[in-house]
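J.: Please find the sequence and the predicted model below.
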Amino acid sequence: MTPPDTSNVLPEAAAERLRRRLQQIASERDKAHRALQEREAELARIQRIARVGGLEIDFRDGVKNRRSPEYLVVHGLPPEAANETYEEWVSRIHPEDRERTVQHLFGVLKSESEDYSAEYRIVRPNDGTTRWIRVVAKIERDRDGRALRLVGADCDVTAQALAQATLRESEERFRLIADSAPVPIWVTKLDRTRSFAN
């Protein structure tokens, strides 16, 4: 009696094990990809709610800009503006803030600082409204201190800027009225120190 032929069984079993392992790897990859997509969607939602957009400026080969979809929304830009030019950004800065903002950016880039922050107004091209923007970013530099990349976030802080302006205006009106009043006026804090007297 001759033993059964097992030459085909082993390769088929090995092929089945390999197929199951590849299927498991593909399933794990798909699960990780779905989890990443969910996290990206959650981050995008948070950025939209907070009116925060991401930006990157790469200085290694000229000036290359990349803007997140949320940045484009904050700035009133269409999706195709994700790689806007430096000139397009500058033209969007409010004329009264343009020179100061550009000088500040180049001043920080020429320095050794790794931190960049600025606050300025823009005029949104889609609706012509003026918005206050606060930028907070990090600058990556080479060993010689030359700026390689700037990565950060743009925040729409218009509501805060308007509230501060309203508060300043209210304080100025109060001082004007108090200083022109024919009677003494003073304000005392809870700790009994005087904070204002006309």
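T.: Arrived safely, thanks for sending. Residues are numbered from 1 along each chain as shown.

J.: Show me which residues of the strand or helix carrying Val108 are buried.
T.: For Val108, the element it lies in under DSSP states H and E is helix 95-110. Residues 97-98, 101, 104-105, 108-109 are the ones in helix 95-110 that count as buried (16 or more other CB atoms under 10 Å). C-beta coordinates here come from the backbone N, C-alpha and C atoms, glycine included.

J.: cool, and stretch 165-174?
T.: In stretch 165-174, no residue is buried by neighbour count (16+ other CB under 10 Å).

J.: Following the chain past the strand ranked longest in the chain, name the next helix or strand.
T.: Counting residues, the longest strand found in the chain (DSSP state E) is strand 130-141. Per DSSP H and E, the first helix or strand lying C-terminal to strand 130-141 is strand 147-156.

J.: and Glu12, how far is that from Leu18?
T.: Glu12 sits 11 Å away from Leu18, going by CB to CB, to the nearest Å.

J.: Against which helices or strands is the longest helix belonging to the chain packed?
T.: Identified as the longest helix of the chain according to DSSP state H is helix 9-50. When contacts are defined as 3 or more CB pairs under 8 Å, 6 or more residues apart in numbering; DSSP states H and E, helix 9-50 packs onto strand 52-58, helix 69-75.

J.: check contacts around the residue most central in space within the chain.
T.: Residue closest to the mean C-alpha point of the chain, counted by CA atoms, centre = their mean, is Ala153 at 2.0 Å. By CB atoms under 8 Å, 6 or more residues apart in numbering, the residues touching Ala153 are 52-55, 135-137.

J.: The same query, at a cut-off of 6 Å, please.
T.: Residues in contact with Ala153 (CB atoms under 6 Å, 6 or more residues apart in numbering) are 52, 54, 136.

J.: Just give the number of residues close to the closest residue to Arg67 other than its chain neighbours.
T.: Spatial nearest neighbour of Arg67, excluding adjacent residues (CB to CB, 6 or more residues apart in numbering): Ala82 at 5.0 Å. Per other CB atoms under 10 Å, the neighbour tally for Ala82 reads 14.

J.: just to revisit the earlier point, could the buried residues of helix 95-110 be laid out in a markdown table, adding pLDDT and distance to Ala165?
T.: Below are the buried residues of helix 95-110 laid out as a markdown table (pLDDT from 0 to 100; distance: CB to CB, whole Å):
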| residue | pLDDT | distance to Ala165 |
| --- | --- | --- |
| Asp97 | 96 | 14 |
| Arg98 | 96 | 20 |
| Thr101 | 96 | 18 |
| His104 | 96 | 21 |
| Leu105 | 94 | 24 |
| Val108 | 95 | 26 |
| Leu109 | 92 | 30 |
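
J.: how about the residues you listed, which pair is most distant?
T.: Greatest spatial distance among those (CB to CB): Asp97 and Leu109, at 18.0 Å.
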